[in-house]
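Peer 1: just coords:
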């Protein structure tokens, strides 16, 4: 696993948590599709990568899963946020915003500093 | 927190098995079904929908793989694979595995055992809290430095100095403990009541000595004695015990592992000094019998304390000129003393460390040899796409397995070695020895040593194997192999070094053994081959005064002499070569003899013996007469002197009839000159020695020396009964000549024994190393040997060729080893007696021995080479 994908995984985890917060319980396919849609199709996501990320979040106790039935009567595994997940979402969202601000300052048009 | 949780779930995931895999398959199937459904809704054909769903997913198998990796710890999984593979490899070559594991186990075991000794002697032995602030007060007089001071001086020093939190005194004595109807000899420390608090230790059960109980006979028992003599009975505290006919109340049990201040000679119990000694005794400034230790006050340096003590010592010297005139008080930090004690221990650790290195070198050699054989396997793996790093990892895992097995075995070995301690201690009437055990520190050390060993012996072969070029190895290119053969390789160098080292060890051992043999032939000045028993009797302890004690000893001697089986019996104040053999000095002046200035008298050691003594122990009378029954307290005082004394003070004339004087008080007439005898130890030079008739210089203790015709336990018991019949209250200790000899030769036997073991080990390892090298050469050259034989070389020639190769290494090693042997022998001059340190027999003997061992180690592979079938070795590959 290279450094790049680590960062990617970190962001992906944040996206997953955020998606689950908005949508409530959702299955892997639904989460992946939603992320793609939210990004305005700007993000080309290999849906498969969602599963290791989901597993990692579950191992760390931020989400939990159970088998359920979809709108059109299909059995699927549904994921939902745990309380620790809610906290983690707030924390990472905050961190992400800070990082963004700092980076934005560096990238601000030259001449200001 | 959550990361750790993740780690554990992943770790456990390794054991989860198939169910999780199936569940994920179901999840994936549901995913695809949902995606396909969406596609169909968008108007795609089912086939197209399925294709797009799979593309979007990024491949089902890839997803499964990524999921699997997240599920468990991939490196851990790989590690388990490597372990399984390694175990198979080990099982496939049991001989290789056994030799490698045993070799390493010897090295690791020896290191763990020695570490435990070092730990007990250096790390754990200082029993005090914050030992860095503990200092020892020593008395310095023109006679030299002594750790013993008088109690009166202690009281003044403790009261006047401000450098210490507190100062303790301590005096090692001996007592008889009544236990289970018998008596047990125990070592007690007579201590000031603040002893435990200065050291910062609290009794494990019961209470500490307190100043309030001044004068009451109390005792604190060591944990070891509590277990040994009182069966760990918790109700012991508060009970009374009898020590040498006096009752004491047990007030506490010392903390576990606390064994007093003397390393190697553990204290059994502690008694308060105020209950042990009379006030008069404690006030006597000339009785210097106490060790003093103080705890430096915080912020006070050793130098500051030293300055203050100098002032106090000067004041004492002025106030009590008679006792303290020339005395100054010095300070030695216990840490400094400890540092001195470290040298031999570190030397020992260096020695076994070297042994471990040799072990590692051997195993590295074996692994290198095997790596040769596995070149093809490695090349095949590389060709099939294994990463080089992965190969190194796998080979290191194999080494780790070897080290693990070796550590387990090594620990067992270390445990066994530590159990030998009682057998290796010098004979003594008390339990001696360090508190040896394999504790967590020792286990940690063993682990560290093993990991170190893996790095040393495993890394180089592993890297070398992984460097294998794929193509040449697969083509079985013998060219590379042959190039390696010709030159003097690293492995050859290792073997030569091992053999050189073995030569040194062997020579040292030879010298020590020859010296031991010479010592045993030495004339000791008495007959060490007689069956002598020594009954140490102490009527004084049973309350006898001088007259009654003399009477008691005389009666005991008469009874014993009349016992069947007894040849001779005699009484002596001291037994030669025993703990008390030296005895005190008498300052003797010799009328008519000019002694150097400032010295009116010379100190001479002395003994008091009765008329049967010389005949009983076999000391020859060279001139004059033995003592006899007419030499009584009332008759003229007489003395016998040693040959050396006679020659030194009356050179060229007979000493008989001359007089000696002591401190201007008494004088004795010399009636006999007897042969020199060893007094304290077997290696001292002859010195002046005086014997007085026991009747004229009686003591309230003495040793009854008995020569018997047959030595047996029954005989000893019989004699003991005879003495006890007189008075069962008089304490008896029995020793015999064997015991004395064992004690006298103990250190020589130990060093010779230790050197023998180490050199045998070194030799064995050297032989294994040589064998491995030669065997590897034979197996690599089998093709060449086959060609030679096919071309007409006789088996004899092949045998000679291989033997020559091994012998060459052996001879080079032995020659190289001679120089350091000479240097080491020089350093050991003080340990070698009666034999030259250039003793040609020893050097020639060890060289010859090395040659024989080298020949033996080479013989097996040489035989194998000579019995090769030329056709088969050519057809192979």
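Peer 2: Nice, thanks for sending it over. Everything numeric here is computed off the predicted structure, so don't read it as measured data. Residues are numbered from 1 along each chain as shown, chains lettered A, B, ... in the order given.

Peer 1: those helices in the stretch 201-350 of chain B, which residues are they?
Peer 2: Ranges of helices within the stretch 201-350 of chain B are B:223-230, B:273-276, B:279-283, B:302-319, B:321-324, B:334-373, based on DSSP state H, counting those that start in this stretch.

Peer 1: Chain A: which of those is closest?
Peer 2: Checking these against chain A by Cβ to the nearest Cβ gives helix B:334-373 as the closest, at 31.9 Å. Bear in mind the C-beta positions are built from the backbone N, C-alpha and C, glycine included.

Peer 1: for the closest one, which positions count as buried?
Peer 2: Residues of helix B:334-373 classed as buried by neighbour count (16 or more other Cβ atoms under 10 Å in any protein chain shown): B:334, B:337-338, B:345, B:348-349, B:351-353, B:355-372.

Peer 1: Least reliable of the helices of the stretch 201-350 of chain B by average pLDDT, please.
Peer 2: Lowest mean pLDDT of the helices of the stretch 201-350 of chain B: helix B:334-373, a mean of 77.

Peer 1: what angle do that one and helix B:302-319 make?
Peer 2: Here the directions of helix B:334-373 and helix B:302-319 differ by 140 degrees (axes from the mean of the first three to the mean of the last three Cα atoms, to 10 degrees).

Peer 1: tell me which element the residue in the stretch 651-800 of chain B positioned nearest to chain A falls in.
Peer 2: In the stretch 651-800 of chain B, the residue that lies nearest chain A is residue B:776 (41.7 Å; Cβ to the nearest Cβ). Element membership for residue B:776 (DSSP states H and E) is helix B:737-780.

Peer 1: and that helix, how far out from the chain's middle?
Peer 2: Remark: helix B:737-780 is offset 16 Å from the chain centroid, using Cα atoms, centre = their mean, to the nearest Å.

Peer 1: re the thing from before, was I right to think the residue of the stretch 651-800 of chain B closest to chain A contacts residue B:371?
Peer 2: No: using Cβ atoms under 8 Å, residue B:776 is not in contact with residue B:371; the gap is 9.9 Å.

Peer 1: near chain A, which residues of chain B?
Peer 2: Contact residues (Cβ under 8 Å from any Cβ of the partner chain) of chain B with chain A: B:2-3, B:5-6, B:9-10, B:24, B:26-28, B:30-31, B:33-35, B:37-38, B:56-60, B:62-63, B:66-67, B:69-71.

Peer 1: Now do residue 102, the pLDDT please.
Peer 2: Answering for chain A, as no chain was given. We have a pLDDT of 90 for residue A:102.

Peer 1: actually it's chain B I care about, not the one you picked
Peer 2: 89.

Peer 1: Pretty sure it sits against residue B:413.
Peer 2: No: counting by Cβ under 8 Å, residue B:102 does not reach residue B:413; the two are 9.7 Å apart.

Peer 1: So for residue B:823, which of the helices of the stretch 201-350 of chain B sits nearest?
Peer 2: Taking Cβ to Cβ, helix B:334-373 is the member of the helices of the stretch 201-350 of chain B nearest to residue B:823, at 15.3 Å.

Peer 1: Now the host helix or strand of residue A:87: buried residues?
Peer 2: Taking DSSP H and E as the definition, residue A:87 sits inside helix A:83-107. Buried residues in helix A:83-107, counted by 16+ other Cβ under 10 Å: A:84, A:85, A:88, A:89, A:92.

Peer 1: Around the closest residue to the second one other than its chain neighbours, how many other residues sit close by?
Peer 2: Which is residue A:85. Spatial nearest neighbour of residue A:85, chain neighbours left out: residue A:62 (3.7 Å); criterion: Cβ to Cβ, 6 or more residues apart in numbering or on different chains. Per other Cβ atoms under 10 Å in any protein chain shown, the neighbour tally for residue A:62 reads 26.

Peer 1: Equivalent analysis for residue B:855, please.
Peer 2: Close neighbours of residue B:855, defined as other Cβ under 10 Å, add up to 15.

Peer 1: any idea how far it is from residue B:795?
Peer 2: Distance, residue B:855 to residue B:795, by Cβ to Cβ, to the nearest Å: 18 Å.

Peer 1: swap in residue B:66?
Peer 2: With Cβ to Cβ as the criterion, residue B:66 and residue B:795 are 63 Å apart.

Peer 1: Neighbour count: these two, which is higher?
Peer 2: Using other Cβ under 10 Å, the more surrounded residue of residue B:66 and residue B:795 is residue B:66, with 19 against 13.

Peer 1: where's residue B:189, which helix or strand?
Peer 2: Assigned by DSSP H and E, residue B:189 falls in strand B:182-191.
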